[in-house]
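Engineer: following is a predicted model, sequence given first.
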Amino acid sequence: MDDLTLKTKRYLEDTLDVRAEIRSIDLSAQLPYFYSEHYRFYDLDLNGVSYLLCEGRDILVAKQVRTQLTELESRIGRQSIYLNTEINANLRRSLVENRVSFIVPNNQIYLPKLGIVFNERYRKNFKATDRLSPAAQVILLRAILNHEYDMVTASEYAKRLKYTVMSVSRAFAELQEYGIVSREENWKEKPFMWLFKGRELWDKALPFLINPVRRSMWIMDNGRLPYCLAGISALSRYSMINEDDFNTYATISSIAQNNLDIVEISQDSRPADNVTKMQIWKYNPKLISSEDCVDRLSLYLSMRDSKDERIQISLDEMMAGIRW
């Protein structure tokens with residue numbers, strides 16, 4: 001394996017948390033001669049799926065690359081990926097505009113058919129802010145509530161949450177920046193390991209956790225909605241606080257928009273008696289809770305700034321019931 005393919009293998013494995021195998025192949029008997037002038041070809045295996053990796057011998061114009069890779073896919077019957085040590089800005093922009101897959105080791109991966117777009121500059125510029133992202137918070141809260149402390153790779157966790165591998169990788173990168181997880185080095189995979197558990201993990205992360213509620217609105221009350229109870233409606237399930245005379249539910253914007261029965265009538269004060277409060281969350285509460293209520297930790301984060309003394313007492317009561 002030459003230097004470029006070795007760099008490509010390591011880059012794919014480190015960035016995408018996959019196992020990559022690259023083998024040189026000779027396609028001269030199957031293709032017109034000019035392909036051998038422009039490319040070296042490799043079998044690329046990513047977690048058991050085979051691709052045709054096409055290393056450009058020269059810097060080609062985008063139209064050439066697009067036309068030739070399309071022809072290669074037709075002839076060879078596999079998705080083709082362009083490989084080069086460098087791509088100038090104009091070529092990069094044109095490849096992206098035309099959705100041509102490419103890899104520049106230690107710089108950029110663009111595989112639109114796999115839903116993967118990664119630029120190394122984003123990784124280098126990553127800095128921990130004063131708050132976790134929604135995806136990182138989901139991973140952390142699930143770990144606490146479900147005791148999910150086994151070492152896990154980004155690809156394994158992506159399957160659990162139906163996130164992309166890149167989203168999970170970036171979420172774990174945040175947690176690593178905060179000193180909450182570490183990464184075990186292994187030649188095959190690099191699983192993440194929690195440095196804290198239970199109440200200690202919660203206390204460590206609490207200053208960085210976000211209020212999951214993006215906004216609230218009043219909607220027409222069409223009876224019991226198929227979403228998680230939130231707000232006082234959920235708190236009344238976890239404590240002795242009395243329910244409101246209306247229900248509060250939580251979901252994410254995309255789910256609310258896809259439900260034709262959701263009719264927003266106000267974002268301000270309660271407009272009528274027969275209404276329901278809908279909270280639009282920054283992450284799907286059902287990723288954490290399998291019940292008809294949002295989970296206790298997210299509920300706490302959504303209500304901890306309340307000035308209502310009875311709510312604060314009920315939150316303490318709720319938190320005391322958690323099995324850390």
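Structural biologist: Ah, there it is.

Engineer: residue 240 falls within a strand, correct?
Structural biologist: No. Read with DSSP: H, G, I helix; E, B strand; the rest coil, residue 240 is coil and lies in no strand.

Engineer: list the contacts for it?
Structural biologist: If you count contacts by Cβ atoms under 8 Å, 6 or more residues apart in numbering, residue 240 has them with 314, 317. Backbone N, C-alpha and C define where each C-beta goes, glycine included.

Engineer: if we use 10 Å, what do you get?
Structural biologist: Contact analysis of residue 240 by Cβ atoms under 10 Å, 6 or more residues apart in numbering lists 310, 313-314, 317-318.

Engineer: nearest to residue 297, of the residues you listed?
Structural biologist: residue 318 (9.7 Å; Cβ to Cβ).

Engineer: how much space between that closest one and residue 235?
Structural biologist: 7 Å (Cβ to Cβ, to the nearest Å).

Engineer: for the two, indicate the residue with more neighbours.
Structural biologist: Applying other Cβ atoms under 10 Å to residue 318 and residue 235 shows that residue 235 carries more neighbours, namely 30 against 21.

Engineer: do I have it right that that one meets residue 316?
Structural biologist: No. Counting by Cβ atoms under 10 Å, residue 235 does not reach residue 316; the two are 11.3 Å apart.

Engineer: that older thread, mind putting the contacts of residue 240 into CSV with distance to residue 49, pLDDT and secondary structure?
Structural biologist: Putting the contacts of residue 240 into CSV (distance: Cβ to Cβ, whole Å; pLDDT from 0 to 100; DSSP: H, G, I helix; E, B strand; the rest coil) gives the following:
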residue, distance to residue 49, pLDDT, secondary structure
310, 56, 96, helix
313, 55, 96, helix
314, 51, 97, helix
317, 51, 96, helix
318, 46, 97, helix
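
Engineer: of the residues you listed, which is the nearest to residue 81?
Structural biologist: Taking those together and measuring to residue 81 by Cβ to Cβ, the closest member is residue 318, at 50.6 Å.

Engineer: residues contacting the residue nearest to residue 78 when sequence neighbours are not counted?
Structural biologist: Of all residues not flanking residue 78 in the chain, residue 52 sits nearest, at 4.6 Å (Cβ to Cβ, 6 or more residues apart in numbering). The neighbourhood of residue 52, defined by Cβ under 10 Å, 6+ apart, consists of 25, 27, 39, 41-44, 69, 72-73, 75-81.

Engineer: recalculate using a threshold of 8 Å.
Structural biologist: For residue 52, the contact set (Cβ under 8 Å, 6+ apart) comprises 41-44, 72-73, 76, 78-81.

Engineer: partner strands of the helix or strand hosting it, with direction?
Structural biologist: With secondary structure defined by DSSP states H and E, residue 52 is part of strand 49-56. Here strand 49-56 is paired, per DSSP bridges, with strand 39-46 (antiparallel), strand 80-83 (parallel).

Engineer: who touches the following helix or strand past the last one?
Structural biologist: Remark: after strand 80-83, the chain's next helix or strand is helix 89-97, criterion DSSP H and E. Residues outside helix 89-97 that contact it (Cβ under 8 Å, 6+ apart) are 59-63, 65-66, 82, 87, 102, 108, 110.

Engineer: sweet, I'm off.
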